[in-house]
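Asks: The sequence and its predicted three-dimensional model are supplied below.
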Amino acid sequence: MHRWEFMRYSGTAVDVELSTNFRKDGPKRLVVLELGAHYSTMRGQIRRRLLDYVVDAEFEINDIDGVIDADREELVLTTDLLRLMLSIAIGAIRGMIALRTSGTFLVHYPLPVYNLDEMVDNIVAAGAEVAYNPMAY
């Protein structure tokens, strides 16, 4: 919690953003999803951070073949596994944030309910290459 920003909060709209990061621990057959919820507001034309809450969710995958493809630079998961991991982690972090923000004004801003199909599509699209088309300009 950014306590100084909490003290100076003036009732403006609160935005919530999610961040994700994935990593693999090969010897333990673990895939770790780092999920962050970031609350911010505008004050004085500057975006002010109110709360950054980040958790690590560890998933043990018994049969990695066909589900995860990893090399030194990237980790590729199936969309079904990705959807399952996000569903579990978002549900958990929603409860943690509710406990952490009880008694503050953020109790009125619970973590929203997300459409996981749309979220997975956005994550998949973020990793897709876009070819340059000079004829489009």
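Replies: Sure thing, it's come through. Predicted, not measured: the structure shown is a model, and the values here were computed from it.
Asks: show me where pLDDT drops low in this structure?
Replies: Along the chain, segments meeting pLDDT under 70 span 26-27, 64-75, 127-137.
Asks: Could I get the full set of strands for it?
Replies: 14-25, 30-43, 46-60, 68-70, 75-77 (DSSP state E).
Asks: Pipe these into JSON lines and attach mean neighbour count and distance to I123 per row.
Replies: Yep, even glycine has a C-beta here, placed from its N, CA and C like the rest. As requested, those are arranged in JSON lines below (neighbours: other Cβ atoms under 10 Å; distance: least, Cβ to Cβ, whole Å):
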{"stretch": "strand 14-25", "mean neighbour count": "14", "distance to I123": "7"}
{"stretch": "strand 30-43", "mean neighbour count": "17", "distance to I123": "11"}
{"stretch": "strand 46-60", "mean neighbour count": "14", "distance to I123": "15"}
{"stretch": "strand 68-70", "mean neighbour count": "15", "distance to I123": "15"}
{"stretch": "strand 75-77", "mean neighbour count": "16", "distance to I123": "9"}
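Asks: Dump these into CSV; add distance to H2 as well.
Replies: Putting those into CSV (distance: least, Cβ to Cβ, whole Å) gives the following:
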stretch, distance to H2
strand 14-25, 13
strand 30-43, 9
strand 46-60, 5
strand 68-70, 35
strand 75-77, 31
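Asks: so which of these comes closest to A126?
Replies: strand 14-25 (9.8 Å; Cβ to Cβ).
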